[in-house]
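> Here is the input, now give the coordinates:
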Amino acid sequence: MIKADMVKPGSAVVAAGVSFEGKKLLSDVADEVIKVAGWLSPRIGGVGPMTRAFLMANTVQAAEKTVDIF
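Have a look, this model is predicted:
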C-alpha cells in the first residue's frame, strides 16, 4: 500500500497495483495520496485503457513498417 508519507509532494503517481479484500477490488494507493501528489492516475481501471491504447498504436506502427507504407 502506497501511503501519503511515501510520496514526494507534487509528484505524479501512477496507480497500477490492485489487491483484493474478499471479493472487493482495491487500489494499492491510499486515498490520502491525492492530498500530496500533484497528479494521480485513476486508481481502478486507470492504466488499463492507456496500456490498450499504446498496444494498438504499436500494432499499427508495426503493420505500417511491414507493408512499408511510411
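
> switch to C-alpha atoms for all contacts and neighbour counts from now on
OK.

> most centrally placed residue in this structure?
residue 47 (3.1 Å; C-alpha atoms, centre = their mean).

> quick one: contacts for the closest residue to that residue other than its chain neighbours?
In space, residue 47 comes closest to residue 16 once its chain neighbours are excluded; the distance is 6.2 Å by C-alpha to C-alpha, 6 or more residues apart in numbering. The neighbours of residue 16, taking C-alpha atoms under 8 Å, 6 or more residues apart in numbering as the test, are 27-28, 43, 46-47.

> picking that back up, quick one, what contacts the residue nearest to the centre of the chain?
By C-alpha under 8 Å, 6+ apart, residue 47 lies in contact with 14-16, 41.

> what's the spacing between it and residue 66?
Residue 47 sits 28 Å away from residue 66, going by C-alpha to C-alpha, to the nearest Å.

> same thing with residue 14?
Distance from residue 14 to residue 66, by C-alpha to C-alpha: 33 Å.

> Which one's more surrounded, those two?
A direct count of neighbours by other C-alpha atoms under 10 Å for residue 14 and residue 66 places residue 14 higher, at 14 against 10.

> Can you give me the pLDDT of the residue nearest to the centre of the chain?
We have a pLDDT of 72 for residue 47.

> cool, residue 12 as well?
What the model reports as pLDDT for residue 12 is 94.

> That one touches residue 35, doesn't it?
No. Counting by C-alpha atoms under 8 Å, residue 12 stays clear of residue 35, with 11.9 Å between them.

> the more surrounded of those two?
Per other C-alpha under 10 Å, whichever of residue 12 and residue 35 has more neighbours is residue 12, with 15 against 12.

> what's near enough to touch the more buried one?
Residue 12 sits in contact with 37-40, where contact means C-alpha under 8 Å, 6+ apart.
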